[in-house]
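[1] Show me how the following folds:
(one chain, ligands or ions: 2)
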Amino acid sequence: MKILVLPGDGIGPEVTAQAVPILQAILGGAATFEEAPIGGAGVEAAGEPLPAATLDLARKADAILFGAAGLPGDELGPRHLRPGGGLLKLRRELALYANFRPAVMFPELVDASSLKPELVEGLDLMVLRELNGDIYYGTPRGISQDPAGYRVGVNTMRYTEPEIERIAHAGFKAARGRRRKLCSVDKANVLETMVLWRETVAKVAKQYPDVELRNLYVDAASMELLRAPKQFDLILAPNMFGDILSDAAAMLTGSIGMLPSASLADDGKGLYEPVHGSAPDIAGKGVANPLAAILSAAMLLRHSAGRAEDAARVERAVRAVLASGYRTADIYRAGSHPACEKVGTAAMGSAVLQALR
Ligand code: IPM
Ligand code: MG
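    Numbers count the residues shown, from 1 in each chain. Ligands and ions are numbered 1, 2, ... in the order given. The predicted model follows:
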């Protein structure tokens, strides 16, 4: 298989550098690797966040391992040069519409959560975020001037029925592989787009009578997520609400530095990326947590390479390394028992590789 590595910006290159050897160790000659610039690195190399050559390689690849895109002050520049825009365009061009963001509590890290241990022990939930529609892509959009001379900002929350149907099917199917509980999140009490969302999810649900469907408004969902997160199995959310809820869900597990994601298209192609982003404040220091990137590689093995058993092996290696006390700064706690050892990015990556062997 062809794997395209897009390290991107900030800590992206550091963490993907730890994930690639894991894939190489497992796939050996069965995979070829290529690398291309995206995000700020794309702007630097070719004048745009998603260079044409990068998009071309992405189309030809079977799977993409993505680091991060974005640098401080991005929001100040012109929109077509914004690093995050490269990722947004890639998601849409490749029809990567189903974004799976698991939040799983590792027993070794219960202490690192900001919630009480009894609320997060054993937590295992999945946020399925729709990734190709909503206010992220809807038009009209832009900043213009109204007749009175005031500047007006406009974005459009937009979903078509087929867009909602396909993500709902993805959700119910995924729920079948879990505890068969799907909670759909919307804001149907205020927004017509979200009324359509709720109605369409209910219609699709009829084909999955074995899966329990519940609906929550996004404000209530965020409250419940913090109050009693273990009530959730799979959370199905539109693009923007999913963006927000998945960061919150990630933090329940102690560190966003632990969480992988998969963005899947119907043709089996997938983009795998850590949820954490470019973290410019710690970039280049060798302290970033590579486990989210490594766990993203595990998701790649499972969803694009058809290697579920190898994916589970990588996940077990990560757990073994945590159990042996290795911690990057984001999950390290001084004075914890048993004592832990604070390590950098490369040492953490090598430890996982060794545990794998
Ligand atoms: C994410 C990120 C992106 C998003 C940004 C970088 C465009 O926050 O993947 O969650 O908003 O989708
Ligand atoms: Mg986000």
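
[2] In terms of helices and strands, where is residue 196?
    helix 192-205 (DSSP states H and E).

[3] looking only at pLDDT, what's the mean for that helix?
    Along helix 192-205, the predicted local confidence has a mean pLDDT of 98.

[4] For that helix, which outside residues touch it?
    By Cβ atoms under 8 Å, 6 or more residues apart in numbering, the list of residues contacting helix 192-205 from outside reads 134, 157-159, 161, 164-165, 168-169, 171-172, 182, 184, 186-188, 211, 213, 215, 236, 238. Placement of C-beta: from N, CA and C, glycine included.

[5] Return the set of buried residues in it.
    By neighbour count on 16 or more other Cβ atoms under 10 Å, the buried set for helix 192-205 is 193-194, 196-198, 200-201, 204-205.

[6] what element comes up after that helix heading to the C-terminus?
    Immediately after helix 192-205, counting by DSSP H and E, sits strand 212-217.

[7] got the angle between that following strand and helix 192-205?
    180 degrees (axes from the mean of the first three to the mean of the last three Cα atoms, to 10 degrees).

[8] What pairs with strand 212-217, parallel or antiparallel?
    strand 181-186 (parallel) (DSSP bridges).

[9] Could you give the separation of the strand it pairs with from the chain centroid?
    18 Å (Cα atoms, centre = their mean, to the nearest Å).

[10] Would you state the strands of the stretch 101-250 of the chain in chain order?
    124-130, 142-145, 151-154, 181-186, 212-217, 234-237 (DSSP state E, counting those that start in this stretch).

[11] ok so, going back, taking the buried residues of helix 192-205 together, which two end up most distant?
    193 and 205 (18.7 Å; Cβ to Cβ).

[12] show me where the stretch 251-357 of the chain has strands.
    262-264, 270-272, 326-327, 341-342.

[13] how about the first one, does it get close to ligand 1?
    No: Strand 262-264 lies out of reach of ligand 1 by Cβ under 6 Å from any ligand atom, never closer than 8.7 Å.

[14] isn't residue 277 right up against residue 15?
    No: in this structure residue 277 lies outside contact range of residue 15 using Cβ atoms under 8 Å: 10.8 Å.

[15] the more surrounded of the two?
    With neighbours defined as other Cβ atoms under 10 Å, residue 277 and residue 15 compare such that residue 15 has more, 30 against 19.

[16] What residue in this protein is the furthest from its centre?
    Distance from the centre of the chain peaks at residue 148, with 42.1 Å (Cα atoms, centre = their mean).

[17] how about the helix or strand of the chain with the lowest mean pLDDT: buried residues?
    Within the chain, no helix or strand scores below helix 83-93, which has a mean of 91 by mean pLDDT, DSSP states H and E. Buried residues in helix 83-93, counted by 16+ other Cβ under 10 Å: 83-91.

[18] And for stretch 117-135?
    For stretch 117-135, by 16+ other Cβ under 10 Å, it's 119-120, 123, 125-135.

[19] Please apply the same query to stretch 348-357.
    Per 16+ other Cβ under 10 Å, stretch 348-357 contains these buried residues: 348-349, 351-353, 355-356.
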